[in-house]
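# test case, fold it:
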Amino acid sequence: MRASAQSLWITLAALGAASALGCSSSGSGDAGTQPATTAATTAVTAAVTASATATATATASTSAAAADGPPVCQRSGEKVWGAGANKLTGLTTKGFDNKVAVGFAFGNDPRVLVVAKDGSAKLMKVKQGEKAKRPDPKEGTRFLMRVSPSDVSGDEARAFIDYRDEFKKDKRRHVWCGPADADDKFLEYNGTSWLDMDPKPTGDDKKKFFSWKKLGGYVELRDCRTFVSRKDQEVWALGSVLRGIEKPDGTNEWKMVFLVDFGKNDDEIVLHEAPLKGDPPKATAFEIPISRRIKDKGWLIATRFGGSLLVGLLDKDRKLQGSFKSYPGFPTMPDIATTDEDNLVLTTGLGVGKERGLRALTISKDNPELPKGYTTIKLDPVGDHEGEASFSAPELTHDDKGRRWLVYTEGPRDKPLLRLTPLGIDMQPNGRTFAITEGEAYASEARLISLSGGKLLVVYLRDKEGKTELVSEHLDCEIKK
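The predicted structure follows:
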């Protein structure tokens with residue numbers, strides 16, 4: 001799937017990073033690259049009010065979310081790094097030597113927040129090439145899905161960006177996953193989708209679109225995400241590809257293909273295929289994909305499709321072990337974390353009906369096998385919205401004292417509040433919950449970074465007074481019953 005009249009698949013560059021800090025959660029790479037995105041369907045286009053110098057507001061310790069007892073956490077050093085943060089882009093973390101980088105965007109401008117081991121932080125612009133230039137707002141709209149840091153050693157950060165541009169005049173779509181500062185083609189589609197053509201081409205004109213390589217048929221990249229491994233400088237991408245085959249009667253048969261691409265020297269590996277109804281079909285992509293390297297054993301991959309979480313394992317030879325396993329319940333924002341030397345933990349929220357809550361899958365690093373079902377993380381609502389409580393956006397990490405901490409959102413979908421709770425090895429709360437946001441300050445997602453001495457830094461997207469801000473603050477927490 002390297003080239004066609006409408007799509008081009010090309011080199012996956014090997015850009016990497018260094019070793020871990022304490023941010024153990026990861027949706028990509030190994031212990032330090034956290035892809036994150038939200039269920040939002042449109043990009044934030046608010047005017048950017050950020051500056052390279054953050055507005056800092058020191059705050060004293062505040063009350064715990066639980067009503068009984070003293071505060072679970074002492075908080076300090078709150079910093080508002082700017083407003084206009086893009087919820088669709090979300091937060092993506094990656095570990096380097098004694099640093100953690102958080103990729104995000106103000107509007108559609110990619111940025112990286114770099115956090116040192118002592119908790120100090122600085123904001124960096126991302127180096128961009130001509131290829132990353134946004135369309136004129138009069139001509140089209142950019143949807144920036146992810147910013148994945150790859151290097152923070154220079155004056156500007158380097159990062160991979162995943163985006164989709166939609167143009168008004170010819171309904172053209174430009175889907176790109178690759179380095180922000182390189183004009184080299186990486187993983188890309190640039191053209192007008194068959195689904196948007198009206199009228200549809202026929203005869204020889206149709207053959208031009210249904211002529212992918214020797215197999216024939218139509219191929220279109222609908223969505224993709226890049227992942228960066230920090231130890232061996234490896235890059236790979238997960239993509240959703242619309243595939244169409246013309247039948248003898250002239251009608252078309254469609255399916256959505258989920259695949260992984262490891263670079264120019266390897267063919268794409270088909271992970272899963274799903275038939276689509278209708279001609280033309282409703283092109284449902286494999287959503288919120290995440291991935292994680294498992295030592296020298298292979299890769300853990302997960303994605304949402306058809307209202308379920310699909311999870312699969314690749315072995316060290318990049319072969320799919322069996323087939324993808326489906327875990328029922330509509331998942332929201334899965335996360336993959338490492339909490340010890342032996343296991344990976346995938347956490348997600350289930351957002352529908354009586355099954356609302358947080359769930360976990362524990363996978364051994366030494367003998368990777370998928371569990372039969374979820375482990376339920378038994379959380380009690382903290383606020384006064386028990387009847388409409390929804391738990392989502394989990395992020396699990398451990399501090400240098402060996403304690404596990406889970407940050408997540410709780411509450412109505414349009415007014416989520418940020419919570420922090422300690423977990424035992426059984427993935428159940430073993431202490432009281434702390435409220436990071438309260439009142440009219442809401443949060444869509446957060447990243448939790450472990451600092452020296454058991455302290456934490458939380459970086460999150462906060463909705464306050466009609467603005468979406470990037471906020472960081474220090475937490476010094478104890479496990480209290």
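# okay, and the beta partners of residue 275?
Beta-bridge pairing of residue 275 under DSSP bridges involves residue 255.
# strands along the stretch 201-350 of the chain, start to end?
218-228, 235-246, 252-261, 269-276, 287-294, 298-305, 308-315, 325-327, 331-338, 343-350 (DSSP state E, counting those that start in this stretch).
# give the other helices and strands that the last one contacts.
Contact here means 3 or more C-beta pairs under 8 Å, 6 or more residues apart in numbering; DSSP states H and E; on that basis strand 343-350 packs against strand 298-305, strand 331-338, strand 357-364, strand 391-398. Where C-beta positions appear, they are placed from N, C-alpha and C, glycine not excepted.
# same thing but at 7 Å, please
strand 331-338, strand 357-364, strand 391-398 (3 or more C-beta pairs under 7 Å, 6 or more residues apart in numbering; DSSP states H and E).
# which of those strands sits closest to residue 480?
The minimum distance between residue 480 and these falls on strand 391-398, with 18.0 Å, by C-beta to C-beta.
# wasn't residue 136 part of a helix?
No: checked against DSSP: H, G, I helix; E, B strand; the rest coil, residue 136 lies outside a helix; its state is coil.
# now the strands of the stretch 201-350 of the chain as CSV including distance to residue 190?
CSV is the format used below for the strands of the stretch 201-350 of the chain (distance: least, C-beta to C-beta, whole Å):
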stretch, distance to residue 190
strand 218-228, 9
strand 235-246, 15
strand 252-261, 17
strand 269-276, 23
strand 287-294, 21
strand 298-305, 24
strand 308-315, 28
strand 325-327, 33
strand 331-338, 29
strand 343-350, 33
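# switch these over to TSV; also include mean pLDDT.
Listed next are the strands of the stretch 201-350 of the chain as TSV, based on pLDDT from 0 to 100:
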stretch	mean pLDDT
strand 218-228	93
strand 235-246	93
strand 252-261	94
strand 269-276	94
strand 287-294	92
strand 298-305	95
strand 308-315	95
strand 325-327	96
strand 331-338	90
strand 343-350	94
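# quick one on the thing from earlier: mind putting the helices and strands packed on strand 343-350 in CSV, distance to residue 296 and mean neighbour count included?
As requested, these are exported to CSV (distance: least, C-beta to C-beta, whole Å; neighbours: other C-beta atoms under 10 Å):
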stretch, distance to residue 296, mean neighbour count
strand 331-338, 15, 26
strand 357-364, 14, 20
strand 391-398, 22, 26
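# between the strands of the stretch 201-350 of the chain, which one is nearest to residue 430?
For those, the distance to residue 430 is smallest for strand 343-350, at 15.4 Å, taking C-beta to C-beta.
# who does the closest one pair up with?
Assessed with DSSP bridges, strand 343-350 is paired to strand 331-338 (antiparallel), strand 357-364 (antiparallel).
# buried stuff in it?
For strand 343-350, a neighbour-count test (16 or more other C-beta atoms under 10 Å) marks 344-350 as buried.
# ok, now stretch 423-438?
Of all the residues in stretch 423-438, those buried under the rule 16+ other C-beta under 10 Å are 423, 427, 429, 431-437.
# and for stretch 397-409?
By neighbour count with 16+ other C-beta under 10 Å, stretch 397-409 contains the buried residues 397-399, 403-409.
# and what of stretch 140-153?
140-152.
# surely residue 255 meets residue 276?
Yes: between residue 255 and residue 276 there is a contact under C-beta atoms under 7 Å: 5.8 Å.
# dump the helices and strands packed on strand 343-350 into TSV; add distance to residue 201 as well.
Formatted as TSV, the helices and strands packed on strand 343-350 follow (distance: least, C-beta to C-beta, whole Å):
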stretch	distance to residue 201
strand 331-338	38
strand 357-364	45
strand 391-398	43
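# quick one: closest of these to residue 461.
Of all the helices and strands packed on strand 343-350, strand 391-398 comes closest under C-beta to C-beta, at 9.6 Å.
# which residues of the protein fall in helices?
203-209 (DSSP state H).
# which intervals of it have sub-threshold pLDDT?
Applying pLDDT under 70 to the chain flags the ranges 1-69, 184-185, 214-215, 230-233, 264-265, 352-355, 383-389.
# apply 80 and report the result again.
Scanning the chain for pLDDT under 80 picks out the ranges 1-71, 183-186, 213-216, 229-233, 263-267, 339-341, 351-355, 381-389.
# who does residue 245 bridge with?
residue 253.
# show me how far stretch 211-218 is from its chain's centre.
Mean-position distance between stretch 211-218 and its chain equals 32 Å (C-alpha atoms, centre = their mean, to the nearest Å).
# buried sites along that stretch?
211-212, 217-218.
# list just the nearest of those to residue 226.
Closest to residue 226, out of all of those and judged by C-beta to C-beta, is residue 212, at 22.5 Å.
# what about residue 349, distance to residue 358?
6 Å (C-beta to C-beta, to the nearest Å).
# try residue 180
From residue 180 over to residue 358 the distance is 33 Å, taken as C-beta to C-beta.
# next one: residue 426
As judged by C-beta to C-beta, residue 426 and residue 358 stand 14 Å apart.
# my read: residue 451 touches residue 119, true?
Yes: between residue 451 and residue 119 there is a contact under C-beta under 7 Å: 4.9 Å.
# what sits in contact with each of the two?
Residues touching both residue 451 and residue 119 (C-beta atoms under 7 Å, 6 or more residues apart in numbering): residue 457.
# which of the two has more neighbours?
residue 451 (23 against 18; other C-beta atoms under 10 Å).
# can you tell me how far the more buried one sits from residue 100?
From residue 451 across to residue 100, the span is 10 Å (C-beta to C-beta).
# same check, this time on residue 91
Taking C-beta to C-beta, one finds residue 91 at 11 Å from residue 100.
# repeat for residue 331
Counting by C-beta to C-beta, the gap from residue 331 to residue 100 is 25 Å.
# quick one: contacts for residue 236?
12, 227, 260-262.
# nearest residue to it other than its sequence neighbours?
Among residues not flanking residue 236 along the chain, residue 262 sits closest, at 4.9 Å (C-beta to C-beta, 6 or more residues apart in numbering).
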